[in-house]
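Colleague: Any chance you can model this:
(chains A and B)
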Amino acid sequence: MQRRVIFDNRALPYLLLAPQVAVTLIFFIWPAAQALWQSVHLQDAFGLRSQFVGLENFQAVLSDPNYLETVKTTIVFSASVTVLSLASALGLAVMADSKIRAAAAYKTLLIWPYALAPAVAAVLWMFIFNPDIGILGRALNNLGYAWDYRLNDGQALTMVILAASWKQVSYNFIFFLAGLQAIPRSVLEAASIDGAGAVRRFWTITFPLLSPTTFFLLVVNIVYAFFETFGTIHALTHGGPGKATETLIFRVYQDGVVNHDLGGSSAQSVILMVIVIALTAIQFRFVERKVHYS
Amino acid sequence: MLTRRKLAVSTAAFALAAGFTGAAYAQQKTVVEFWHGLPQPLGGQLEQVVKGFNDSQDKVQVNPTFKGSYPETMQAAIAAFRAGNAPHVVQMFEVGTATMLSAGPAIKPVHQLMSETGSGFDAAAYIPAVRGYYSSKDGKMMALPFNSSTTITFYNKDAFQKAGLDPNKPPATWPEVADAARKLKAAGVTCPMTFSWPTWTQFEQVGALHDKPFASEANGFGGLNATLKINDPFFVKHLQTLIDLQKEGALRYGGRDNAADSLFPSGECAMIQASSGLRGRIIKEAKFSWSAAPLPYWPDAIASPKNSIIGGAAFWVMTSPKRTADEYKAVAAFFSYLARPEVDAKWHMDTGYVPVTLQGFELAKKEGFYEKNPGAEVPAEQLTRTATTENTMGLRLGNLPEIRNIIQEEMEKAFQGQQTAQQALDNAVKRGDTVLRNFERANKN
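Modeller: Sure thing, here's the model as predicted:
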């Protein structure tokens, strides 16, 4: 009798898929559907009175000048965090990849910050930069520089960008380092024999060969800047001063959890979902063309 | 074999016995779930109060659970209610009062609970400013006040001495405060004054003290259609004074909510307007001599200031589809215990919260607490010094936490010089009114 590679049992594949499907349904589709439903309703905090209001919540959000400010802040914040954390991680990875003394120790130290929860990282930053209790914050003021991120837009934004980037550098570093170590030495050696300098070798060989890693990290970092920096902002500035460090995700939390505006908050979640889907689609459609998979 | 059988029999007997006593135990005691939002060390002290009640009788068992900060506790209670599983009692901060009241069938008003269970509860025992905050428009008590605080001034006597000011005569009016702050600055104090809870201390309290409305409709008690009134010339002038003092370096903006609290015990700021609950921390941390004073007032706006309003939290009774009359009776017994003067006075003396009952205040006086702790009587005296008017009963505005944030944001922009005091308050009123209209829309039947 011939043994078939294809299973006859029709139920088994579905059974094997079931856990994954269940997880997706419970933790992704169900909340997303809830958000869609809530976004077209107006409800009191206790859910006792609910009325259908159509697209009113979206209209209210999109016609709020503060919301557009928040969009701007988010773009500046996310772009800065992505560029800063990718560039510095790449720089550090290149340095750690070269033959230097105690490279292992550097690598370990660079990976450490990743083990911290965002809120803990933010508290560390506060202990450094708070103008009253922070070591550097006090030093800056004593030197005559008026440092107070609680009342200065630019300083506050700079600080949350730095703190959020710092947190992400380790993650990027691990991937870049692994990517660098996967580049065949022979290619680089051949290039040096041909007389290519370190800079030229980096831009013509290393960087193109790293492009799959870079692309992956670009997507991951943008998603990080959009969604996972909430804890950092919450602990450091609470979105202030004014609304200077309020990003879209922070506002979703603020409106939904603190202000009990479920409709408005859900409408914002839906908008955020659309933005991130669009961003990811753009990345895969246009940026990925420049990626070189060997 | 024998031993094994013996073991089996004795285990079974033991399990049976345990089951019986367990069942008997459960029949005897009605369990009350109580969620609170006080972090340590206050949370532990609150749990001691609950333990005091549990030990005082054998019919009710109250289980206290810490659910995170006040907003988190509120969120948890709302989520539990939506799931049909609300706790019997939840501690809710004062700015959540309007939200709780519009919850309608989700809560059971305290006056109703107490009369239904025949507990002989007397709402008049409570300090008027406290009673007013948690009463309906027709004066019926809706929640049980427990940990109430108010805003007062703490000042550093050493710094006053250094600046040539009389350490036993704190400034009583805003012009005197400004004058003292300038002298402190001239004497080299880097932070002459600051304040916590910017909206609470600079608008809600300032409004009450001067009998000026924070919002229309009797600060929201009259209905959901209230609008903010803080762009009145009086408030604009007040904010402008703060901005001017900050420009001169005589005042420091210390951040949102209670962020500025740490500036006083550390010795950084010489004066702070903050919650009376800060007292405990100052006692623990301050390495200088200090004292407390009532909030300053504007003598050109009022001859003598009115009572301040409260902050802190109260206990709300929540409903649930499965709740029995016995359970409500148990809650009423717990509340009657909390209303006892000796319980109230002890909590006040242990924590720095104000006594919420008049008898509790008297008891603390009688025990000589204020002779031993000068300044500790300031908050209670400030709260009781006048009869409440419709501007000093408190605030009954929907989504007040959000409105507080809006005011803080606009203030911050004004302190940065991005807008004038008038623009800041006009913006705050405009944005705040939008919040109020949304709340009105969502809570209309």
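Colleague: out of everything not next to it in sequence, what's closest to whichever residue of the stretch 101-250 of chain A sits closest to chain B?
Modeller: Of all residues in the stretch 101-250 of chain A, A:Pro241 sits closest to chain B, at 3.9 Å by Cβ to the nearest Cβ. C-beta: built from backbone N, CA, C; applies to glycine. Using Cβ to Cβ, 6 or more residues apart in numbering or on different chains and skipping the chain neighbours, the partner closest in space to A:Pro241 is B:Glu412 (3.9 Å).
Colleague: distance between the host helix or strand of the one you found and the chain's centre?
Modeller: Using DSSP states H and E, B:Glu412 sits in helix B:400-415. Centre-to-centre, helix B:400-415 and its host chain are 19 Å apart (Cα atoms, centre = their mean, to the nearest Å).
Colleague: so for it, what's the average pLDDT?
Modeller: Helix B:400-415 shows a mean pLDDT of 92 in the predicted model.
Colleague: try stretch B:350-363
Modeller: Mean predicted confidence for stretch B:350-363 is 91.
Colleague: Could you find the closest non-adjacent residue to residue 251?
Modeller: You didn't say which chain, so I picked chain A. A:Arg251's closest residue in space is A:Thr70 (Cβ to Cβ, 6+ apart), at 5.4 Å.
Colleague: should've been chain B
Modeller: Using Cβ to Cβ, 6+ apart, the closest residue to B:Leu251 is B:Leu245 (3.9 Å).
Colleague: mind listing what the one you found touches?
Modeller: By Cβ atoms under 8 Å, 6 or more residues apart in numbering or on different chains, the contact list for B:Leu245 reads B:178, B:181, B:193, B:251.
Colleague: For it, report the pLDDT, please.
Modeller: 96.
Colleague: Any idea how far apart the tips of stretch B:63-71 sit?
Modeller: Using Cα to Cα, to the nearest Å, the end-to-end distance of stretch B:63-71 comes out at 20 Å.
Colleague: same thing with stretch A:243-257?
Modeller: Stretch A:243-257: ends 17 Å apart by Cα to Cα.
Colleague: List the contacts of that stretch.
Modeller: Contact with stretch A:243-257 is made by A:66-67, A:69-71, A:73-74, A:77-78, A:153, A:156-157, A:160, A:226-227, A:229-230, A:233-234, A:236-237, A:239-240, A:261-262, A:264-266, A:268-269, A:271-272, A:275, B:71, B:75, B:405, B:409, as judged by Cβ under 8 Å, 6+ apart.
Colleague: For PyMOL, write the selection for the buried entries among the residues you listed.
Modeller: Buried members of these, defined by 16 or more other Cβ atoms under 10 Å in any protein chain shown, are picked up in PyMOL with:
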select buried, (chain A and resi 66+67+70+71+73+74+77+78+153+156+157+160+226+229+230+233+234+236+237+239+240+261+262+264+265+266+268+269+271+272) or (chain B and resi 71+75+405+409)
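Colleague: and the angle for the helix or strand just after the helix holding B:Glu412 with helix B:400-415?
Modeller: Per DSSP H and E, the first helix or strand lying C-terminal to helix B:400-415 is helix B:421-443. Orientation note: helix B:421-443 sits at an angle of 160 degrees relative to helix B:400-415 (axes from the mean of the first three to the mean of the last three Cα atoms, to 10 degrees).
Colleague: Can you pull the residues of the stretch 1-150 of chain A lying near chain B?
Modeller: Neighbours of chain B within the stretch 1-150 of chain A, by Cβ under 8 Å from any Cβ of the partner chain: A:42-49, A:66, A:132-133, A:150.
Colleague: re the thing from before, Provide the secondary structure category for the residue nearest to A:Arg251.
Modeller: Three-state call for A:Thr70 (DSSP: H, G, I helix; E, B strand; the rest coil): helix.
Colleague: which other helices and strands contact the worst-scoring helix or strand of chain A on mean pLDDT?
Modeller: Sorting the helices and strands of chain A by mean pLDDT, DSSP states H and E puts helix A:103-111 at the bottom, at a mean of 84. Contacts defined by 3 or more Cβ pairs under 8 Å, 6 or more residues apart in numbering or on different chains; DSSP states H and E place helix A:103-111 against helix A:65-97, helix A:153-181.
Colleague: give me every residue that touches the nearest residue to B:Glu402 once chain neighbours are set aside.
Modeller: Nearest residue to B:Glu402, sequence neighbours excluded (Cβ to Cβ, 6+ apart): A:Asn259, at 4.0 Å. The contact partners of A:Asn259, taken as Cβ under 8 Å, 6+ apart, are A:265, B:399, B:401-402, B:435.
Colleague: can you check A:Ile174 too?
Modeller: Taking Cβ under 8 Å, 6+ apart as the test, what A:Ile174 contacts is A:111, A:114.
Colleague: May I have the predicted confidence score for it?
Modeller: In this prediction A:Ile174 is given a pLDDT of 91.
Colleague: any idea which residue sits dead centre in chain B?
Modeller: In chain B, the centroid-proximal residue (Cα atoms, centre = their mean) is B:Gly312; its distance is 1.1 Å.
Colleague: can you list the domains in chain B?
Modeller: Using automatic domain parsing, the domain parsing of chain B gives B:31-149+B:311-371, B:151-308+B:398-443.
Colleague: So the residue nearest to the centre of chain B, which state does it fall into?
Modeller: strand.
Colleague: between the contacts of B:Leu245, which has the most around it?
Modeller: Counting neighbours by other Cβ atoms under 10 Å in any protein chain shown, B:Met193 leads the contacts of B:Leu245 with 28 neighbours.
Colleague: Up against chain A, what does the stretch 51-200 of chain B have?
Modeller: B:71, B:75, B:78, B:81-82, B:99, B:102-106.
Colleague: Poorly predicted segments of the stretch 1-150 of chain A, please.
Modeller: Low-confidence segments of the stretch 1-150 of chain A (pLDDT under 70): A:1-5, A:7.
Colleague: From the residues of the stretch 51-200 of chain B next to chain A, keep the buried residues only.
Modeller: Among those, those classed as buried by 16+ other Cβ under 10 Å are B:71, B:75, B:78, B:81, B:99, B:102-103, B:106.
Colleague: Kindly reformat these as a markdown table containing secondary structure and pLDDT.
Modeller: Output for these, formatted as a markdown table (DSSP: H, G, I helix; E, B strand; the rest coil; pLDDT from 0 to 100):
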| residue | secondary structure | pLDDT |
| --- | --- | --- |
| B:Pro71 | helix | 79 |
| B:Gln75 | helix | 85 |
| B:Ile78 | helix | 90 |
| B:Phe81 | helix | 92 |
| B:Thr99 | helix | 86 |
| B:Ser102 | coil | 84 |
| B:Ala103 | coil | 85 |
| B:Ala106 | helix | 91 |
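Colleague: just checking, what packs against the helix holding B:Glu412?
Modeller: Going by 3+ Cβ pairs under 8 Å, 6+ apart, helix B:400-415 lies up against helix B:198-199, helix B:233-248, helix B:421-443.
Colleague: How far away from the center of its chain is the helix or strand just after the first one?
Modeller: Once helix B:198-199 ends, the next helix or strand along the chain (criterion: DSSP H and E) is helix B:205-209. Between the centre of helix B:205-209 and the centre of its host chain there is 16 Å, according to Cα atoms, centre = their mean.
Colleague: can you dump the C-alpha coordinates of helix B:205-209 into CSV?
Modeller: What follows is helix B:205-209, C-alpha atoms only, in CSV (Å, rounded to 0.1, in the frame of the first residue of the first chain):
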residue,chain,number,x,y,z
GLN,B,205,-10.2,76.5,46.5
VAL,B,206,-9.6,80.1,45.5
GLY,B,207,-13.1,80.2,44.1
ALA,B,208,-14.6,78.8,47.3
LEU,B,209,-12.6,81.1,49.7
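Colleague: immediately after that helix, which helix or strand?
Modeller: Going down the chain from helix B:205-209, the next helix or strand is helix B:216-219, by DSSP H and E.
Colleague: which strands and helices sit next to the helix or strand A:Ser186 falls within?
Modeller: Element membership for A:Ser186, per DSSP H and E: helix A:185-193. Contact analysis of helix A:185-193 by 3+ Cβ pairs under 8 Å, 6+ apart lists helix A:198-201 as its packing neighbours.
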